[in-house]
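Q: Sequence and predicted structure are below.
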Amino acid sequence: MASLFENTLKRVWEAAKHLDLNPTVLEKLKLALEMTHARLSIRMDDGSIKSFPAWRCRYDDSRGPTKGGIRFHHQVTVDEVEALALMMTIKCALMDLPLGGAKGGVKVDPRGLSNTELERLARAFIRALAHVIGPDRDIPAPDVGTNETTMAWMTDEYSTIVGKKTPEVITGKPVALGGSLGRDDATARGAYYIMRYKADAPGLKHGAQVVAIQGFGNAGQHIAKLLAADGCRIVAVSDSKGAVYAPAGLNIGELLAAKLDGGSVTSMAGSPGVTLISGDALLAVECEILVLAALENMVHKGNAGSIKAGVIVELANGPITPEADEILEAMNIVILPHILANAGGVTVSFYELVQNRQGEQWTLDEVHARLKTTMEKQADAVWAHAQDKNITLRTAAYLLRSRGLPQLWRRFLRTEVRPPALHLQRHPAQR
Ligand code: NAD
């Protein structure tokens, strides 16, 4: 099977076929700007020392400082980090944010570490990579296996190293430490706004209510809450331990309680009307909307054909392989591509950055209103482009990115030198 990075590049290439692009632009996009490898050695609670491999990839900084989450997961690889950094580059461009793309990863199972060990690991990551990150250079955020507490430790460590409070070096912080209101559910909320705004678009099945959700972490839990509050019936949910299915609808409050303290949704099995099913069986349940909110490559050519939903919402990054994409397209399934559908997270991260720089705290209503406007505007652009060129929403989303690129690249290609040190440009919305 092709690697995630190869699959991601393939999509960029596919989209580029619809544009008259200078081949040098694509040549440059083949490689990350910078990949830093580090070894994080920390003292465990029993006094022993353990080492964990870590990476930070800054893929492209043409638009501004690079931005991307840090993942703690036992299967993280350098390939995955590079692919996710490329996806972030495209996502930031699609959302017209003055940011480039990056990603970080530590190969560790965070569930096997105590809280104090996790704190030492988070701080070790920053000590090892403080020379790479910085408010004008590279700004991390949470991802799979990390959360606002991890970001608080990391911000504190960076501030200690540089000798001054620097909240703007990281987003996704707790609100009390400079985080933005509305960042916690921003990823899911961004997708939710698009789903509602585009409910009447061809293929989106206005009034669709029956939903299955793969992955029940930050993104999955918040989309479940938003859709259930909107009257949807969530019939199946999964996490890394398995899936539960209830044709009459699952109780979201009970599912959330089951996830507390490292629990699993599978503990709901046996409750009235709830049965345990396999992760792959979740894909095949009768539903109208399938939300993918777990990890990449979860839908592949081996299981794509079993999907019954008419609409797939990609909250996870790269959850569908290109081969599966072709199968789903032939089945006329509409896919809300991840670089648009989950971009609410980085968009509110950008709002957090702006608030930190301006010393402001926006109200929740203000954050929601800005996010809604941005998601709807970008969704309109993607839909219009798809219709205009008769291409999928995914290809249209990748293409929109390319529109602004040639000028940027032309500027750099003329001199063939890296652009000078970049400072955060003011976003048009701030002017
Ligand atoms: P998370 O760690 O909070 O949750 C991940 C969930 O996926 C967990 O419930 C886990 O049990 C589940 N999972 C893992 N393996 C699985 C499997 N084989 N089958 C079913 N479920 C499985 O992570 P998250 O922050 O919710 O991120 C989920 C996805 O969304 C990732 O691809 C991430 O990159 C993407 N994303 C997240 C954000 C954000 O703001 N959190 C923003 C953009 C994109």
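A: Arrived safely, thanks for sending. Keep in mind that this is a model prediction, so the values were computed, not measured. Numbers count the residues shown, from 1 in each chain.
Q: show me what contacts H368?
A: Counting by CB atoms under 8 Å, 6 or more residues apart in numbering, H368 touches 182, 189. All C-beta spots, glycine's among them, are computed from the backbone N, C-alpha and C.
Q: Oops, could you answer that again for Y158 instead?
A: Y158 makes contact with 126, 130, 133, 166, 169-170 under the criterion CB under 8 Å, 6+ apart.
Q: what about 6 Å?
A: 126, 166, 169 (CB atoms under 6 Å, 6 or more residues apart in numbering).
Q: got it, and N303?
A: Here N303 is in contact with 280, 283 (CB under 6 Å, 6+ apart).
Q: okay, now whichever residue of the stretch 201-350 of the chain sits closest to the ligand: neighbour count?
A: In the stretch 201-350 of the chain, the residue that lies nearest the ligand is G217 (1.7 Å; CB to the nearest ligand atom). G217 has 18 neighbours, counted by other CB atoms under 10 Å.
Q: do T363 as well
A: Neighbour tally, T363, other CB under 10 Å: 10.
Q: Leaving out the residues flanking it, which one is nearest to it?
A: For T363, ignoring the flanking residues on the chain, the nearest one in space by CB to CB, 6 or more residues apart in numbering is L181 at 6.8 Å.
Q: Do you know the pLDDT at the closest residue to M87 other than its chain neighbours?
A: Closest residue in space to M87, ignoring its immediate chain neighbours: N317 at 5.4 Å, by CB to CB, 6+ apart. N317 is assigned 93 on the pLDDT scale.
Q: Can you pull out the low-pLDDT segments for this protein?
A: 1, 203, 205-208, 401-431 (pLDDT under 70).
Q: got the domain boundaries for it?
A: When the chain is parsed with the TED database, its domains come out as 17-177, 185-341.
Q: any residue of the first one up close to the ligand?
A: The one in question is domain 17-177. Yes. Using CB under 6 Å from any ligand atom, domain 17-177 reaches the ligand at 143-145.
Q: which one's the longest strand in this protein?
A: Ranked by number of residues, the top strand in the chain under DSSP state E is strand 49-60.
Q: partners of that strand in the sheet?
A: strand 34-43 (antiparallel), strand 100-107 (antiparallel) (DSSP bridges).
Q: quick check, distance from the longest one to the centre of its chain.
A: Average the C-alpha atoms of strand 34-43, do the same for its chain, and the two points are 22 Å apart (CA atoms, centre = their mean, to the nearest Å).
Q: can you give me the strands in the stretch 51-200 of the chain?
A: Shown for the stretch 51-200 of the chain, the strands assigned by DSSP state E, counting those that start in this stretch span residues 66-73, 100-107, 138-142.
Q: out of those, which comes closest to A15?
A: Closest to A15 of the strands of the stretch 51-200 of the chain is strand 100-107 (CB to CB; 15.6 Å).
Q: angle of the closest one against strand 66-73?
A: With axes from the mean of the first three to the mean of the last three CA atoms, to 10 degrees defining the directions, strand 100-107 sits at 20 degrees from strand 66-73.
Q: Give me the phi and psi for the residue nearest to P319 when sequence neighbours are not counted.
A: Spatial nearest neighbour of P319, chain neighbours left out: L292 (3.9 Å); criterion: CB to CB, 6+ apart. Per-residue torsions, L292: phi -100, psi 110 (degrees, to the nearest 10).
Q: ok, L292 - how many residues close by?
A: When neighbours are counted by other CB under 10 Å, L292 comes out with 29.
Q: just G359 next, same as before
A: Neighbour count for G359, taken as other CB under 10 Å: 7.
Q: Over to G262?
A: Applying other CB under 10 Å, we find 7 residues neighbouring G262.
Q: go on, T373?
A: For T373, using other CB under 10 Å, the count is 12.
Q: and it, that one's in a helix?
A: Yes. Judged by DSSP: H, G, I helix; E, B strand; the rest coil, T373 forms part of a helix.
Q: Quick one, which of the domains of the chain gets closest to L371.
A: Closest to L371 of these, according to CB to CB: domain 185-341, at 6.1 Å.
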